[in-house]
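Please find the sequence and the predicted model below.
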Amino acid sequence: MTVGRYIVFEGSEACGKSTHSVRLADALGAVLTRETGGTPVGRRLREILHDTTVTNLSPRAEALMTAADRAQHIHEVVRPALVSGKHVVSDRSVYSALAYQGYGRGQDVGHVRRLNEWAVDGVWPELVLLLDAAPEVVERRLKGRTLDRFEQEGAEFHRAVRAGFHQMAADEPQRWVIIDADQPVERVAAAIRDAVRQRLGL
Ligand code: TMP
């Protein structure tokens, strides 16, 4: 069976994930997708998750909703594409749940991982490209924008999320590549292409 490669971007808000997901998917002829909101059901979940008028969502409910988005996404988009031999490039993945719902919200990361193990049903990203930007850079890029429910969280939350990404990258260096996102867009794009070539031979 020919199987495609599953490549994901991770990082904070406004770090350039969307731009670089589009570019990489285009370069590889891959299926371009995203979490949350990569399916019609996921888009409805995403609306709730981002809604700033939702002020009392429990951290467990939030974790379950992101896991539900993911389970549907893997079922409807990711697995079928990989099985048909297509590569998949996704803007965020299961690692966002570990970083945001685990490290960020301070829930037991082992619990969040087990919940998501069930959700992804064996389909884990093969390469994680972490677009890393310092909190000041993110703050600067978000200035003047209408912020969603996650972006509105304070600096402490975002520092914990970033530290979580770094911890996971350190734990599994063969799966992760950290790319400095605070560089001109062409430099970031070149670093991404190098990493994909070196790690996956694509
Ligand atoms: P984005 O798609 O514009 O990056 O926004 C998605 C937001 O949702 C971002 O703040 C991270 C958050 N998120 C989680 O908290 N858990 C998840 O599992 C995923 C995929 C995203």
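Thanks, I have it.

switch to C-alpha atoms for all contacts and neighbour counts from now on
Noted.

check contacts around the residue in the chain positioned nearest to the ligand.
Of all residues in the chain, Ala97 sits closest to the ligand, at 3.5 Å by CA to the nearest ligand atom. The neighbours of Ala97, taking CA atoms under 8 Å, 6 or more residues apart in numbering as the test, are Ala63, Thr66, Ala67, Val112.

Pull the number of nearby residues for the last one.
To tie it back to what came earlier, the one meant is Val112. Residues within reach of Val112, counting by other CA atoms under 10 Å, total 22.

Over to Glu76?
Neighbouring residues of Glu76 were enumerated by other CA under 10 Å; the total is 14.

near the ligand, anything from the worst-scoring helix or strand of the chain on mean pLDDT?
Within the chain, no helix or strand scores below helix 135-142, which has a mean of 92 by mean pLDDT, DSSP states H and E. No: residues of helix 135-142 contacting the ligand under CA under 6 Å from any ligand atom: none, with a closest distance of 11.4 Å.

Now do that helix: everything it contacts.
Under CA under 8 Å, 6+ apart, the answer for helix 135-142 is Ser12, Glu13, Ala14, Cys15, Ala155, His158, Arg159, Asp182.

any idea how far Ala155 is from the residue nearest the centre of the chain?
When the chain is reduced to its mean C-alpha position, the closest residue under CA atoms, centre = their mean turns out to be Arg92, at 1.8 Å. Remark: distance between Arg92 and Ala155 (CA to CA, to the nearest Å) = 21 Å.

circling back to that earlier point, can you give me the buried ones in the least confident helix or strand of the chain?
Of all the residues in helix 135-142, those buried under the rule 16 or more other CA atoms under 10 Å are Pro135, Val138.

angle of the following helix or strand past it against helix 135-142?
Using DSSP states H and E, the helix or strand that follows helix 135-142 in sequence is helix 155-171. Here helix 155-171 runs at an angle of 120 degrees relative to helix 135-142 (axes from the mean of the first three to the mean of the last three CA atoms, to 10 degrees).

Now do the helix or strand following helix 155-171, average pLDDT.
Taking DSSP H and E as the definition, the helix or strand that follows helix 155-171 towards the C-terminus is strand 176-180. Per-region confidence: strand 176-180 scores 98 on mean pLDDT.

for Leu131, helix, strand, or coil?
Per DSSP: H, G, I helix; E, B strand; the rest coil, the local secondary structure of Leu131 is strand.

okay but it is in contact with Lys17, surely?
Yes: judged on CA atoms under 8 Å, Leu131 makes contact with Lys17 at a distance of 6.9 Å.

Now the common contact residues for the two.
With contacts defined as CA under 8 Å, 6+ apart, the residues shared by Leu131 and Lys17 are Phe9, Glu10, Gly11.

Next, count neighbours for Asp108.
Counted with other CA under 10 Å, residues neighbouring Asp108 total 12.

For Gly154, grab the count of nearby residues.
The tally of other residues near Gly154 (other CA under 10 Å) stands at 9.

Over to it: give its phi and psi.
Gly154 adopts backbone torsions of phi -80, psi 180, taken as degrees, to the nearest 10.
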